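Visitor: After the sequence you'll find the predicted model.
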Amino acid sequence: MLTDYHNHLERGTLTLDYLKKFTDTAKEKGIEHFGISEHAYHFYQTADILQNSWVNERRYYDMEDYVKLFHQAWEKGIDVKMSIEMDYTPGKHAEMEKFIKQYEFDYVIGSIHWIDDFGIDLAEYRTEWDKRDLYDIYKKYFDQVITLAQSNLFDIIGHLDLVKIFKYVPENEEFLLEQYDRATTALAESKTCVEISTAGLRKPVGELYPDPRLLKMCYEKGIPIVLSSDAHVPEHVGADFDQAVRLAKETGYQTIMTFSKGERKEYPLG
């Protein structure tokens, strides 16, 4: 069994023709469980959750159109899961829960892209990395991983160590492993699965998410996994999954989690 649960239509259109380019690629690559998880900040309905100038310029979708697209696909017999990738926003748990419960998502991804007003994975903010304390950034990032897990709002946490995207990584391994340990402890006590994401291979860091040491802690604490490409174009669907499967199996994983309308089932890893 293979999954690809983290994918975006934002560079194209919310149309069946464009969606089919993604689902057709998934089918060609033998991915049995495929889902679209558009960024929640694009939708007018999330205006009360995340507000900043970067996000506000990119809020241009209506959830009604998004849901309608999936219903069109299902009516045509296209097997695609409906999801959302939500920026985990501290202090907005009630608003996030209200939004999530309004829609029949197959699963929901929670991700951390912001530390206060700092967009950690955005090219526009890259110069900020040299102005800020690296250890403080990592501490605050993993603080959010913990409260994301404790919220128990999300089925999957996206790209668990996205904070390494631009290759800014603390040299103090003891500090780094401490962050990994406390994050995985919180995740193990929640319903949240971890994705092995191949997106990092296409980023400056040039590595899978998560770091093998971090994934090992996930495995040892019984945290389930899914596979994801974080494709923003059809060509990236299922990209480099051979590396993701290899890492999973080398770590000890033999199963993968799947989702349908909130129900989860474990299958042997393909």
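Guide: Thanks, I have the structure now.
Visitor: three-state assignment of Tyr66?
Guide: Three-state assignment for Tyr66 (DSSP: H, G, I helix; E, B strand; the rest coil): helix.
Visitor: pretty sure it is touching Thr46, no?
Guide: No. At 11.6 Å, Tyr66 does not count as touching Thr46 under the criterion of Cβ atoms under 8 Å. Yep, even glycine has a C-beta here, placed from its N, CA and C like the rest.
Visitor: Could you check which of these two has the larger neighbour count?
Guide: Thr46 (24 against 19; other Cβ atoms under 10 Å).
Visitor: for the more buried one, what are its contacts?
Guide: Residues near Thr46 by Cβ atoms under 8 Å, 6 or more residues apart in numbering: Ala40, Arg59, Met86, Phe99.
Visitor: How about Glu235: what's its closest non-neighbour residue?
Guide: Leaving out its chain neighbours, the residue that sits closest to Glu235 by Cβ to Cβ, 6 or more residues apart in numbering is Thr25, at 7.2 Å.
Visitor: Report the mean per-residue pLDDT for the helix or strand encompassing the one you found.
Guide: Element membership of Thr25, judged by DSSP states H and E, is helix 16-28. For helix 16-28, mean pLDDT rounds to 98.
Visitor: How about it, which residues are buried there?
Guide: Buried residues in helix 16-28, counted by 16 or more other Cβ atoms under 10 Å: Leu19, Lys20, Lys21, Phe22, Thr23, Thr25, Ala26, Lys27.
Visitor: which one of the residues you listed sits closest to Glu173?
Guide: Ala26 (37.5 Å; Cβ to Cβ).
Visitor: one step back: which helices and strands does the helix holding Thr25 pack with?
Guide: Helix 16-28 sits against strand 33-39, helix 63-75, with contacts defined as 3 or more Cβ pairs under 8 Å, 6 or more residues apart in numbering; DSSP states H and E.
Visitor: just these: most buried one?
Guide: Compared across the helices and strands packed on helix 16-28, strand 33-39 shows the largest average neighbour count, a mean of 24 (mean count of other Cβ atoms under 10 Å).
Visitor: Reformat the buried residues of helix 16-28 into JSON lines and put distance to Trp114 next to each item.
Guide: As requested, those are exported to JSON lines (distance: Cβ to Cβ, whole Å):
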{"residue": "Leu19", "distance to Trp114": "28"}
{"residue": "Lys20", "distance to Trp114": "32"}
{"residue": "Lys21", "distance to Trp114": "30"}
{"residue": "Phe22", "distance to Trp114": "26"}
{"residue": "Thr23", "distance to Trp114": "30"}
{"residue": "Thr25", "distance to Trp114": "30"}
{"residue": "Ala26", "distance to Trp114": "29"}
{"residue": "Lys27", "distance to Trp114": "35"}
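Visitor: tell me the two of those that are most distant?
Guide: Greatest spatial distance among the buried residues of helix 16-28 (Cβ to Cβ): Leu19 and Lys27, at 12.6 Å.
Visitor: mind checking pLDDT for Gly262?
Guide: pLDDT, read off for Gly262, is 78.
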